[in-house]
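**Q** Just need the structure, nothing else, for what follows:
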Amino acid sequence: MSKKPKKSTKKKVKSREKIYWDRREGTQRRDTKKIARILLVVAVIAMFIAIIVYYNMYYIEKNIVINDLRWFALHSLPKLLSNLNLTLYLINSNTSADVVREVLNQISDNSYTLATIYSLSYKYTRDAKYIKLNLMFTNLYTFATDVSNDDPEIMLTRLNQSYETLEELYNMLRRLSIEYNYDLYKAPIGDIDDILSLTYKLNQTPIPI
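**A** Take a look at the predicted model:
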């Protein structure tokens, strides 16, 4: 009677080792995928936190800048109103051209400052109302600078021609300044448009020959 051949012990050992290493390799792959998923979640959370921090810092900085610009406007507008009122008085008082020219130069400086303030305000907010405020004071700056560079006789003549428009402009600016505590941004857009129209009108006054 023939004996059955014995199974190889080496083959059994190799088979067990293979199963062990296969299982270990599978576990490592699962662990690696799990770690990768965790790292991905952490990265996404970190990105969102960074975005939130960035926007918070941006809005804080933006509010600080806008408040600073508003403060400068609140201090520049009264000076402009004072110089406009003085100009109206000088037109009717036969004052020397040199004195009038000096006041016009101050109006130019005040207007340029306000135009710059509202231009920067628009840059930070993209609010179209700031564009109109910028144009308003840019037009006034253009008028005052242009007239102040005229010969004395022409300068005084142009101011006399523009007296009614200047007076209406001054009265409207003064009223809005009182009503809104010198913060023109708070004024209704219709009033801003009216003043803007007056500043365009100033620059359309014909130059005497």
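
**Q** And the most centrally placed residue in the chain, its phi and psi?
**A** Central residue of the chain (C-alpha atoms, centre = their mean): residue 124, 1.7 Å from the mean position. Main-chain torsions, residue 124, degrees, to the nearest 10: phi -90, psi -20.

**Q** same thing with residue 146?
**A** Per-residue torsions, residue 146: phi -60, psi -50 (degrees, to the nearest 10).

**Q** burial measure for it, as a count.
**A** 16 (other C-beta atoms under 10 Å). Any C-beta I mention is one placed from the backbone N, CA and C, and that applies to glycine too.

**Q** re earlier: for the residue nearest to the centre of the chain, give its distance to residue 153.
**A** Residue 124 sits at a distance of 44 Å from residue 153 (criterion: C-beta to C-beta, to the nearest Å).

**Q** Repeat that for residue 202.
**A** Residue 202 is 19 Å from residue 153, by C-beta to C-beta.

**Q** Between these two, point out the one with more neighbours.
**A** Higher neighbour count among residue 202 and residue 153: residue 202, with 21 against 10, using other C-beta under 10 Å.

**Q** what sits against the more buried one?
**A** Counting by C-beta atoms under 8 Å, 6 or more residues apart in numbering, residue 202 touches 139, 140, 143, 162, 165, 166, 169.

**Q** filter those to the buried ones?
**A** Neighbour counting over those (16 or more other C-beta atoms under 10 Å) leaves 139, 140, 143, 162, 165, 166, 169 as the buried ones.

**Q** Now the phi/psi pair for the spatially closest residue to residue 98 that is not a sequence neighbour, please.
**A** Spatial nearest neighbour of residue 98, excluding adjacent residues (C-beta to C-beta, 6 or more residues apart in numbering): residue 152 at 8.0 Å. Main-chain dihedrals, residue 152, degrees, to the nearest 10: phi -50, psi -50.

**Q** what about residue 152, neighbour count?
**A** For residue 152, the neighbour count with other C-beta under 10 Å is 12.

**Q** Same check on residue 79?
**A** Residues near residue 79, counting by other C-beta under 10 Å, number 15.

**Q** and if you look at the one 5 residues further on?
**A** By other C-beta under 10 Å, the residues close to residue 84 number 24.

**Q** Let me see the contact set for it.
**A** Residues in contact with residue 84, defined by C-beta under 8 Å, 6+ apart, are 107, 166, 169, 170, 173.

**Q** Next one: it from residue 127, what distance?
**A** Residue 84 sits 26 Å away from residue 127, taking C-beta to C-beta as the criterion.

**Q** cool, and residue 100?
**A** 36 Å.

**Q** Output stretch 141-161 as PDB - backbone C-alpha positions only.
**A** C-alpha atoms of stretch 141-161 as PDB (Å, rounded to 0.1, in the frame of the first residue of the first chain):
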ATOM      1  CA  TYR A 141     -11.000 123.100  -8.100                       C
ATOM      2  CA  THR A 142     -10.800 123.500 -11.900                       C
ATOM      3  CA  PHE A 143     -12.900 126.700 -11.800                       C
ATOM      4  CA  ALA A 144     -11.000 128.300  -8.900                       C
ATOM      5  CA  THR A 145      -7.600 127.400 -10.300                       C
ATOM      6  CA  ASP A 146      -8.500 128.700 -13.800                       C
ATOM      7  CA  VAL A 147     -10.000 132.000 -12.600                       C
ATOM      8  CA  SER A 148      -7.100 132.700 -10.200                       C
ATOM      9  CA  ASN A 149      -4.600 132.400 -13.100                       C
ATOM     10  CA  ASP A 150      -6.500 135.100 -15.100                       C
ATOM     11  CA  ASP A 151      -5.400 138.700 -15.400                       C
ATOM     12  CA  PRO A 152      -6.900 140.800 -12.500                       C
ATOM     13  CA  GLU A 153      -9.600 142.500 -14.700                       C
ATOM     14  CA  ILE A 154     -10.700 139.200 -16.300                       C
ATOM     15  CA  MET A 155     -10.600 137.400 -13.000                       C
ATOM     16  CA  LEU A 156     -12.900 139.900 -11.300                       C
ATOM     17  CA  THR A 157     -15.200 139.900 -14.300                       C
ATOM     18  CA  ARG A 158     -15.600 136.200 -14.300                       C
ATOM     19  CA  LEU A 159     -16.300 136.100 -10.600                       C
ATOM     20  CA  ASN A 160     -19.000 138.700 -11.100                       C
ATOM     21  CA  GLN A 161     -20.500 136.700 -13.900                       C
END
